[in-house]
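Asks: Sequence first, then the predicted structure:
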Amino acid sequence: MSAEVKAVYLARRHPGLTRESFTDRWRRHGALAMSLPMWRHTSGYAHGDVDPDPPRDRDGQLPDRWSGEHDAVGTVFMPSPEAFAAFHAHRDYPRLRNDEHGTFSGLIEECAVLTTEWPVLERPGTTVRVLGFLVPAPGLTRVAFHERWAAHAGLVMRHESLAGLLTRYVHNRSAASDAEPPAGSFAEVAGVAELGFASIADRDAYLAHPDRAGLADDLATFTDPARTVLVATNEVTMAVRTPPD
């Protein structure tokens, strides 16, 4: 069976919605998605409401990369690339796409990346997350980017006190080809780093931890720091993830 895939999107709300009204609108959009027959092609679904007041003042490594301008991080799991294709080819998909126009500032396909998971650490208890959307350094292939990113994970995990604050550390690697994406587009994202924490206090302790010294310098050797986007979110399970057979 083909490997599970995971679509991750970073969205802004429709300009006619307030932050508060957007949350309700997004949940209703999610309920619509789950009510449609095409939903049988999925294996899990989560919402993350982006914190409009990100913890940039606690982060001594990448304080200027935090975004409070985005509103949503959505995650949809599918058991295979074939299931992903069937989901988007389903006759009911246009209905969901039309509902996006009243929910978001643009279409989800314009701000989504299809990934495969590379788990570094996973244990129960995640309630809040930090996600980093990463673009490779100029001239670096995606294969080379993923190799350097894997080595970077070792720097994160080598300090027991730092790793001990995490409930989850996952590299979501773009499943796209190494073809040149349109400059400035979301398609340039080659990976989404996902850090999970049991509490906001643990998240902030991680961000301020002295053992994070040097991580930003290492990231700069294989990412484009100016294109990195960090967001802080909660974790709202819409449909419990079912592992593939």
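Replies: Structure received. Numbers count the residues shown, from 1 in each chain.

Asks: after the host helix or strand of residue 98, next one along is what?
Replies: According to DSSP states H and E, residue 98 maps onto helix 93-100. As assigned by DSSP H and E, the chain's next helix or strand after helix 93-100 is strand 112-122.

Asks: what is the residue nearest to residue 51 when sequence neighbours are not counted paired to in the beta sheet?
Replies: Leaving aside its chain neighbours, residue 51 sits nearest to residue 232 (4.2 Å; criterion: C-beta to C-beta, 6 or more residues apart in numbering). In this view, the C-beta of every residue, glycine as well, is placed from N, C-alpha and C. Taking DSSP bridges as the rule, residue 232 bridges to residue 130.

Asks: List the residues that contact residue 232.
Replies: With contact set as C-beta atoms under 8 Å, 6 or more residues apart in numbering, residue 232 has these partners: 50-51, 54-55, 66, 128-130, 203.

Asks: List the contacts of the strand or helix carrying residue 169.
Replies: Residue 169 is part of strand 168-174, with elements assigned from DSSP H and E. For strand 168-174, the external contacting residues (C-beta under 8 Å, 6+ apart) are 6, 8, 113-123, 126, 129, 142, 146, 149-150, 153, 156-157, 163, 189-196.

Asks: follow-up on the earlier one: would you tell me which one of the contacts of residue 232 comes nearest to residue 75?
Replies: Ranked by distance to residue 75 (C-beta to C-beta), the contacts of residue 232 are led by residue 129 at 9.7 Å.

Asks: Wait, the closest one touches residue 206, no?
Replies: No: under the criterion of C-beta atoms under 8 Å, residue 129 makes no contact with residue 206, lying 11.6 Å away.

Asks: show me the residues around residue 25 that make contact.
Replies: Residues in contact with residue 25 (C-beta under 8 Å, 6+ apart) are 13-14, 17, 102-103.

Asks: Which among those count as buried?
Replies: Among the contacts of residue 25, the ones that count as buried by 16 or more other C-beta atoms under 10 Å are 13-14, 17, 103.

Asks: Would you convert the residues you listed into JSON lines that also reports distance to residue 237 and secondary structure?
Replies: JSON lines is the format used below for the buried ones among the contacts of residue 25 (distance: C-beta to C-beta, whole Å; DSSP: H, G, I helix; E, B strand; the rest coil):
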{"residue": "13", "distance to residue 237": "21", "secondary structure": "strand"}
{"residue": "14", "distance to residue 237": "24", "secondary structure": "coil"}
{"residue": "17", "distance to residue 237": "23", "secondary structure": "coil"}
{"residue": "103", "distance to residue 237": "19", "secondary structure": "coil"}
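
Asks: Can you list the buried residues in stretch 234-245?
Replies: 234-235, 238-239.

Asks: quick one: which of those is nearest residue 42?
Replies: For those, the nearest to residue 42 is residue 239 (7.0 Å; C-beta to C-beta).

Asks: And the residue nearest to the closest one when sequence neighbours are not counted, its phi and psi?
Replies: Spatially, and ignoring its direct neighbours in sequence, residue 239 is nearest to residue 45 (4.1 Å; C-beta to C-beta, 6+ apart). Dihedral pair for residue 45: phi -160, psi 130, per degrees, to the nearest 10.

Asks: Residue 45 and residue 193, how far apart?
Replies: 20 Å (C-beta to C-beta, to the nearest Å).

Asks: got it, and residue 60?
Replies: 17 Å.

Asks: Neighbour count for these two, which is higher?
Replies: residue 193 (22 against 13; other C-beta atoms under 10 Å).
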